[in-house]
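>>> Dropping a prediction and its sequence here:
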Amino acid sequence: QVQLVESGGGLVQAGGSLTLSCAASVQAAAIYAMGWFRQAPGKERVLVSAITYEGNKKYADSVKGRFTVSRDNIKNTISLQMNRLERDDTGVYYCAAARSSLVLATTPDYWGQGTQVTVSS
């Protein structure tokens, strides 16, 4: 069983920055695709960013140019650098992992417990 542990959420003013981190309990090679989902209050969980083992990245349109995802296959971690945060970025951010990019985008194999990000005006 893969465990994903997130850290780095918190309260930040609009325009500020936060970095989220996620540590996986298995070697990176066992998890092809990893990513971050966001669930805003009253809304569905949506994919914000994803990265493959080779480092191919994908972003939701709403965060392009502001968020950067990275992956360390030695430390088995991924991070999400979030800049110029907006109120609409508020939500619970979940780290996720899957055997393929397609599975990650639809029904990830593994989820973290989530970390709250609140952006105030």
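Thanks, I have it.

>>> What's the first helix or strand after the lowest-mean-pLDDT helix or strand in the chain?
Of all the helices and strands that make up the chain, helix 101-106 has the lowest average by mean pLDDT, DSSP states H and E, namely a mean of 87. For helix 101-106, the following helix or strand on the C-terminal side (DSSP states H and E) is strand 110-111.

>>> List the neighbouring strands of the helix or strand just after that following strand plus their orientation.
Sequence-wise, the next helix or strand downstream of strand 110-111 (DSSP H and E) is strand 115-120. The partner list of strand 115-120 in its sheet, established with DSSP bridges, is strand 10-13 (parallel), strand 91-98 (antiparallel).

>>> how about strand 115-120: buried residues?
Within strand 115-120, the residues that count as buried by 16 or more other CB atoms under 10 Å are Thr115, Val117, Val119. All C-beta spots, glycine's among them, are computed from the backbone N, C-alpha and C.

>>> residue ranges for the strands of the chain, please.
Assigned by DSSP state E, the strands in the chain fall at 4-7, 10-13, 18-24, 33-39, 45-52, 57-59, 67-72, 77-82, 91-98, 110-111, 115-120.

>>> would JSON lines of those with mean pLDDT and distance to Leu104 be doable?
Shown next, in JSON lines, are these (pLDDT from 0 to 100; distance: least, CB to CB, whole Å):
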{"stretch": "strand 4-7", "mean pLDDT": "95", "distance to Leu104": "12"}
{"stretch": "strand 10-13", "mean pLDDT": "98", "distance to Leu104": "25"}
{"stretch": "strand 18-24", "mean pLDDT": "97", "distance to Leu104": "13"}
{"stretch": "strand 33-39", "mean pLDDT": "97", "distance to Leu104": "4"}
{"stretch": "strand 45-52", "mean pLDDT": "97", "distance to Leu104": "6"}
{"stretch": "strand 57-59", "mean pLDDT": "97", "distance to Leu104": "9"}
{"stretch": "strand 67-72", "mean pLDDT": "97", "distance to Leu104": "12"}
{"stretch": "strand 77-82", "mean pLDDT": "97", "distance to Leu104": "12"}
{"stretch": "strand 91-98", "mean pLDDT": "96", "distance to Leu104": "4"}
{"stretch": "strand 110-111", "mean pLDDT": "95", "distance to Leu104": "10"}
{"stretch": "strand 115-120", "mean pLDDT": "98", "distance to Leu104": "18"}
